[in-house]
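A.B. asks: sequence first, then the predicted structure, then my questions.
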Amino acid sequence: MSNATTPEATTAAACALPTPADAPAAHVEVRTWQGPTAPERLGMLRRAKSIAIVGASNNPSRASYFVGTYLLSSSPYDVYFVNPMADEILGHKAYASLADLPVVPDVVDVFRKHDDLPGVAQEAVDIGAKTLWLQLGSWNEEAAAIAEAAGLDVVMDRCVKIEHARFHGGLHLAGFDTGVISSKRQVVA
């Protein structure tokens, strides 16, 4: 077996939240919350017209940049970027908060640290969003409880880019779908 990184691992890593090398060990939370099924997630994405990316970045090495690029180029959504430190991201105006957006986004896709998630959930509730989506690597049951109590759909620890591509036949863009259907082991030249 080679040490090469698989395309699946590469794309998942691109969607995951970064962890600074000097950061303390990741927050570990017991997972009791049950997320939506694949058909339910597909329904959320099909109903959505707009997505706000909270914690968006202009840094190409950040997951939010990768996801924003994909959503702008390969999805039908109106995409809004939320970052109080930026004026523009990927050629689009950046907003300081969800409350500053010109529309109520259907999906609030969150790239923020664990301790910030309940506050972002409350902001999503306050503006009337329909779905709170916590990116790959993010799990916060308090945030989920806040959003669900107000009637929002919640997705945690999943990448909106990967889910959209998976449901809409775009995983080949990241190297997942080889187009070959076979039970035989593929020979690598």
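C.D. replies: Looks like it came in fine.
A.B. asks: which residue ranges of this structure form helices?
C.D. replies: In the chain, the helices defined using DSSP state H lie at 7-15, 38-47, 63-74, 117-127, 141-149, 160-167.
A.B. asks: buried deepest among the ones you listed, which one?
C.D. replies: Most buried of those, by mean neighbour count (mean count of other C-beta atoms under 10 Å): helix 160-167, with a mean of 22. (Each C-beta comes from the backbone N, C-alpha and C, glycine too.)
A.B. asks: quick one: mean pLDDT for that one?
C.D. replies: For helix 160-167, mean pLDDT is 88.
A.B. asks: now do stretch 65-85
C.D. replies: 95.
A.B. asks: quick one: low-confidence ranges for this protein?
C.D. replies: Applying pLDDT under 70 to the chain flags the ranges 1-29, 169-189.
A.B. asks: redo the helices of the chain as TSV? Include distance to Tyr80.
C.D. replies: Compiled in TSV, the helices of the chain are given as follows (distance: least, C-beta to C-beta, whole Å):
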stretch	distance to Tyr80
helix 7-15	19
helix 38-47	16
helix 63-74	10
helix 117-127	11
helix 141-149	18
helix 160-167	13
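A.B. asks: of those helices, which is nearest Gly91?
C.D. replies: helix 63-74 (8.4 Å; C-beta to C-beta).
A.B. asks: quick one, what contacts Tyr95?
C.D. replies: Taking C-beta atoms under 8 Å, 6 or more residues apart in numbering, we find Tyr95 in contact with 80-83, 101.
A.B. asks: could you measure it against Gly119, distance?
C.D. replies: 16 Å (C-beta to C-beta, to the nearest Å).
A.B. asks: what do you get for Leu71?
C.D. replies: Leu71 sits 23 Å away from Gly119, going by C-beta to C-beta.
A.B. asks: any idea how far the closest residue to Ala129 other than its chain neighbours lies from Trp133?
C.D. replies: Closest residue to Ala129 apart from its sequence neighbours, by C-beta to C-beta, 6 or more residues apart in numbering: Val108 at 4.7 Å. Per C-beta to C-beta, Val108 is found 7 Å from Trp133.
A.B. asks: for Pro102, same thing?
C.D. replies: 20 Å.
A.B. asks: quick one: which of those two has more around it?
C.D. replies: Taking neighbours as other C-beta atoms under 10 Å, Pro102 and Trp133 compare with Trp133 leading, 29 against 8.
A.B. asks: in this structure that one contacts Val155, no?
C.D. replies: Yes - using C-beta atoms under 8 Å, Trp133 makes contact with Val155 at a distance of 4.6 Å.
A.B. asks: overlap of the contact sets of those two?
C.D. replies: In contact with both Trp133 and Val155: no residue, using C-beta under 8 Å, 6+ apart.
A.B. asks: list the buried residues for stretch 103-115?
C.D. replies: Using 16 or more other C-beta atoms under 10 Å as the burial criterion, the residues of stretch 103-115 that qualify are 105-112, 114.
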